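**Student:** show me how the following folds:
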Amino acid sequence: MSVWPAWEVREGDRATRWLHVRLAFADGARVEALAVVTEDGVRVEEARARPGLSLEDLALFADWIEEPLARACGVGPGGGDAAGSGAHRARAGGPAGPEGGRLVAREYRAAQAQGADPVLAVMGATGCSRRGALRLIGRARDAGLLTPRHARRRAAEPTR
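**Tutor:** Numbers count the residues shown, from 1 in each chain. Below you'll find the model as predicted:
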């Protein structure tokens, strides 16, 4: 599950936040959504799923995203401030641990197979900037999850 800010509009002391939400399941299924958080509550403006969601899964969607959205807004467990005043916090460096590396490698390979830009795919999957996505791709390469970028050449043996 990834949540990252899209944009924020402030009007006096009120704020409206749009957040990108991505759920990636072990079987390769994905759900992407654009959620709007206001003082009145949370709305999902757009949702895309591959494969499509059943009505039962769509009804559960709110439960799936509730806690991560609360954390991203600074409300609830692990959040910054309970009032959600918009205080800036340091952004995480992307998905952590072996599961994060596998996510990066999976997104990278899927984009290559489709002929799309793999770095943009990793950026979208993790919410990182281009530089952060390149750093994550490098870590995945170092962990052996992706092939090396350049083949290392062996020094020529001296001739006698």
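
**Student:** which SS class is Y108?
**Tutor:** Of the three states, Y108 takes helix under DSSP: H, G, I helix; E, B strand; the rest coil.

**Student:** not counting sequence-adjacent ones, nearest residue to it?
**Tutor:** Nearest residue to Y108 in three dimensions, chain neighbours excluded: P118, at 4.4 Å (Cβ to Cβ, 6 or more residues apart in numbering). Heads up, the C-betas are built off the backbone N, CA and C, glycines and all.

**Student:** same question, E39
**Tutor:** Residue nearest to E39 in three dimensions, not counting chain neighbours: R14, with 6.2 Å by Cβ to Cβ, 6+ apart.

**Student:** show me what P5 bridges to in the sheet.
**Tutor:** For P5, the beta-bridge partners are L19 (DSSP bridges).

**Student:** what sits against it?
**Tutor:** When contacts are counted by Cβ atoms under 8 Å, 6 or more residues apart in numbering, P5 touches 17-20, 72.

**Student:** relative to A59, how far out is it?
**Tutor:** Relative to A59, P5 is positioned 26 Å away (Cβ to Cβ, to the nearest Å).
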